[in-house]
Structure formats: structure tokens, C-alpha cells
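Novice: A predicted structure for the sequence below; I have some questions about it.
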Amino acid sequence: MRTVVKPVDRRQVAIGPFSLECGEVLPAVEVAVEIAGAWEPGRDNVILICHALTGDAHAVGDQENPGWWDGLAGTGKPLDTDRYALVTMNVLGGCDGTTGPASLCPESGRPYGSSFPLVTIRDMVRLQREVLIRLQVDRLQAVIGGSMGGMMVLEWGILYPEVPRRLIPIATSASLTSMAIAYNEIARQAIRSDPDFAGGDYYPDAGPVRGLSVARMVGMVTYRTPRLFEHRFGRELQRDGSELDKENLFQVESYLRHQGQKLVERFDANSYLTLLKAMDTHDIGRGRGGVRRALAHVEASVLMVGIEDDQLFPAYQQREIHRWLMAEGKQSDLFMFPSDYGHDAFLVQFDRLGPRIEAFLSD
Ligand SMILES: CC(=O)SCCNC(=O)CCNC(=O)[C@H](O)C(C)(C)COP(=O)(O)OP(=O)(O)OC[C@H]1O[C@@H](n2cnc3c(N)ncnc32)[C@H](O)[C@@H]1OP(=O)(O)O
Ligand SMILES: N[C@@H](CCO)C(=O)O
């Protein structure tokens, strides 16, 4: 007898005090969780979905309120809600209901703002484990996610090898390249140099919206490919007229401004800084004798997915992880595909991802 959770069950799970890798303790942590699909007895049919930088707990939605992975998850889809209970949590440090910089600090009664501590990808995963324990989920059919979400997938396989049966890390790496950290630093500087940042203590105001918008614009350039921009925008202008009119934007400028504006309407700048730092400091080899030794802990079978045209998480990084897993005698498959979308392909190219993921889950 299955307990059907329909359409999507959203909960706040209270964890209480939570110790971080940096040594600080958050006194009262809460996590926003969404569950789509049906629990099986023993809760043995759970897939954990880990979101990327600006994602949230709402991976699976409906017509009125679409989710960010509806192309992959839902009735009859590769992440089939008729078969699995799909659990997605907003990450620690985020701004969609889980404790983050905009949350009230119980000790001061004010938003954490600049006092919010450094959180790591490992902290995020340890917190997810605490939530699953409270949901009485002991084993996972799979953990899946792209980009920052993929970093969490890898950490799941290493921190809790006995829990996931399968890992599907997508467009991710064992640690960021120096170039990716460089882009993140430009984003940070854009946010911090906005006068409305106010040292991070801008609440209840919206804060550094111009800085956050520029940060998103930089990010967008790294998430896509030159080919896509060329094809979409070329040298098209926004209005009829001349390029030699300083008010007449190129379409690509207008597009980036629109993307910046979209993000500031749904994201908090301090969360953006917190999550960028978590990505920068991610290194599965830290304190474990290096990446290969860390991967030796993995017990799950792995489908490593990469995008050949990813500028941010270059394809060699996914190939390397697959090779190291194989060298450690682990079960690993590699699925690489080309896409003009570049890094963002994991949020868009469901025709490429879906069949491979479905086959791996049915294996
Ligand atoms: C969609 C959500 O669920 S967002 C909430 C949760 N967020 C996440 O999960 C984060 C992950 N999601 C993402 O990063 C993105 O939503 C993606 C990658 C999935 C898709 O990105 P999009 O911005 O939809 O794709 P795309 O590059 O095609 O841009 C389309 C937008 O640019 C606008 N646009 C296109 N050309 C131009 C131009 N020349 N000038 C101005 N705007 C332009 C379109 O009108 C459209 O605007 P809209 O989104 O307000 O309708
Ligand atoms: N488009 C993704 C990029 C990071 O993977 C996001 O906004 O989360």
C-alpha cells in the first residue's frame, strides 16, 4: 500500500542546533523540503534531488506553479513520481525557506546578514542527512543534481556510502577550477561594491540589487556558449537604427540586463555570496588524502554526466572523476553530450538527459 503525496508536499523540518565545518554552530536550523510522488512502505523508493546555485526546493511542480526540473520529473517522466518519492530541499544558506543569511538569528532577533557563517557543501549534505533521518528515510534509490547540486551528489557518495544506491552527478567537479573561482570573485565584487550592500546588513531593504544583477550577468556568460549567443543575438540591435547610438543596446546587452533583473526578483544577495563561497571551497579531497582516496569511499553505482561545451565545469573534470572511480574499481558510467546551452544544458536539454537517466535508474 503506497501513501500518495499529491501534488507536492511542502514542509519545514526543524533540526535545532547544527555544527558547521568551519567550527561555528547555527543555533536553530530549519529546512524547506518538498516531496513529490508516493512513499513506498519502508520509504525505500526515495530519490533525492539537489539543486544548483539559484535553484530551490520546488523541482517538481504543476501547471500553476512549474518546478525547475519538470522536464525530467513528474508522472511518466524519467524521475517518475508514480514510482519514486522525489525529495528536494532548499540548501543551507539559501533563501527559499531553509536557514540562510536573511533568517532571524535567535540570539540577536535580527537577520544574520554579515554574521552568517561560512557553509560548505559537506555542511549542506550533512544537514540533508539529518532531514532524511527525521523523515525516516534510511536508504536512497539515487541522489541526483547538477552543478552545485552535483557537488552535493559526490559528497553524498563519500560521506554516507551506505545510503545511496546510485549517484547521478551532472556538470560538476571534484573542485572548482581557478577560472571558475575567478568568475565567482567578479560576482562577489559586483555585490560588495554596491553601496546598498551596507556590509551585508541591508535587511529589511532589498539590498544590492544592482550588484546582484551584474553578478548574474557574469554568471550567465559562463553558463552558456559563444555559439548560442551568436545564434540567438549575433550583432542584432534592440531598436531599429544605428550601432553608433549609445542608447541603442545590442540584443545581448538587453538580454543580460533582463536576466540580472529576473534574479534580483527571486534571490537574496547574501545567499548568493554564501553559496558561491561554498562552491569555491568544495573539494572532495580535502582532509581525505586527495580526490582519488575520497572516491575510494563510494559504494553506489555512478552515472557521471557532463556537457562537452560546458565552459564552467569543463568536460575533462567529469572524465577525470569517471576515470578515477574506475581505477578504484567502482561501478561508473560516463555520459557526455554536446550542447550549445553549455553548462545550463542540465536545466534545459531534457531530451538528451532523460533517456540516459531513465535507463540508469532501471538498471
Ligand atoms: C524557471 C524557474 O523555475 S526559476 C526558479 C528556480 N530557479 C532555478 O531553478 C534556477 C535554474 N534555472 C535557470 O537558471 C533558468 O531558469 C534556466 C537555465 C532553466 C532557463 O533560463 P531562461 O532565462 O528561461 O532562458 P533563456 O536564456 O531562454 O532566456 C529567456 C528570457 O530572456 C528573455 N530575452 C530573450 N532575449 C532577450 C533580449 N534580447 N532582451 C531582453 N530579454 C530577452 C526572454 O524574454 C525570457 O524572459 P522571461 O524568462 O522573463 O520570460
Ligand atoms: N542556471 C544555474 C547555473 C548554476 O548551475 C542556476 O542559476 O542555478
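Specialist: Cool, the structure landed. Numbering: from 1, shown residues only. Ligands and ions are numbered 1, 2, ... in the order given.
Novice: all helices of the protein, in order?
Specialist: Assigned by DSSP state H, the chain shows helices spanning 121-134, 148-159, 178-192, 209-223, 226-232, 251-264, 269-281, 291-295, 315-327, 350-362.
Novice: deepest of the ones you listed, which one?
Specialist: Ranked by average neighbour count under the criterion mean count of other Cβ atoms under 10 Å, these are headed by helix 148-159 at a mean of 26. Quick note: C-beta positions are derived from backbone N, CA and C, even for glycine.
Novice: and the angle from that helix to helix 269-281?
Specialist: Angle of helix 148-159 versus helix 269-281, following axes from the mean of the first three to the mean of the last three Cα atoms, to 10 degrees, is 50 degrees.
Novice: can helix 148-159 be found next to ligand 1?
Specialist: No. Counting by Cβ under 6 Å from any ligand atom, no contacts exist between helix 148-159 and ligand 1, the nearest distance being 9.9 Å.
Novice: Ok, stretch 351-363 next?
Specialist: No. Stretch 351-363 lies apart from ligand 1 when judged by Cβ under 6 Å from any ligand atom; the minimum separation is 12.7 Å.
Novice: want to try a markdown table for the helices of the chain, with mean pLDDT as columns?
Specialist: Output for the helices of the chain, formatted as a markdown table (pLDDT from 0 to 100):
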| stretch | mean pLDDT |
| --- | --- |
| helix 121-134 | 98 |
| helix 148-159 | 99 |
| helix 178-192 | 98 |
| helix 209-223 | 98 |
| helix 226-232 | 98 |
| helix 251-264 | 98 |
| helix 269-281 | 98 |
| helix 291-295 | 98 |
| helix 315-327 | 98 |
| helix 350-362 | 98 |
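Novice: what would these look like in a markdown table with distance to Ser19?
Specialist: A markdown table is the format used below for these (distance: least, Cβ to Cβ, whole Å):
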| stretch | distance to Ser19 |
| --- | --- |
| helix 121-134 | 9 |
| helix 148-159 | 14 |
| helix 178-192 | 26 |
| helix 209-223 | 30 |
| helix 226-232 | 43 |
| helix 251-264 | 31 |
| helix 269-281 | 16 |
| helix 291-295 | 21 |
| helix 315-327 | 29 |
| helix 350-362 | 34 |
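Novice: Please identify which of those helices is closest to ligand 2.
Specialist: helix 209-223 (4.9 Å; Cβ to the nearest ligand atom).
Novice: what about that closest one, distance to the chain center?
Specialist: 16 Å (Cα atoms, centre = their mean, to the nearest Å).
Novice: by contact count, what packs against that helix?
Specialist: When contacts are defined as 3 or more Cβ pairs under 8 Å, 6 or more residues apart in numbering; DSSP states H and E, helix 209-223 sits against helix 178-192, helix 251-264, helix 269-281.
Novice: what comes into contact with that helix?
Specialist: 53, 180, 183, 186-188, 190-194, 196-197, 256-257, 259-264, 267, 269, 272, 311-312, 342-344 (Cβ atoms under 8 Å, 6 or more residues apart in numbering).
Novice: Of these, which ones also sit close to ligand 1?
Specialist: Okay, of these touching ligand 1 (Cβ under 6 Å from any ligand atom), that's Gln259, Lys262, Asp344.
Novice: Count the neighbours of Val46 for me.
Specialist: 24 (other Cβ atoms under 10 Å).
Novice: who touches it in this structure?
Specialist: Contacts of Val46 by Cβ under 8 Å, 6+ apart are Trp39, Tyr84, Ala85, Leu86, Val87, Leu132, Val137, Arg139, Leu140, Gln141.
Novice: TSV for these, including distance to Asp333?
Specialist: As requested, those are arranged in TSV below (distance: Cβ to Cβ, whole Å):
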residue	distance to Asp333
Trp39	28
Tyr84	20
Ala85	24
Leu86	22
Val87	24
Leu132	25
Val137	25
Arg139	21
Leu140	18
Gln141	16
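Novice: Highest neighbour count among these?
Specialist: Leu86 (30 neighbours).
Novice: For that residue, name its beta-bridge partners.
Specialist: Ala36, Ile47 (DSSP bridges).
Novice: What confidence value was assigned to it?
Specialist: pLDDT for Leu86: 98.
Novice: ok, it - contacts?
Specialist: By Cβ under 8 Å, 6+ apart, Leu86 lies in contact with Ile35, Ala36, Gly37, Val46, Ile47, Ile49, Ala59, Val60, Ala73, Leu79.
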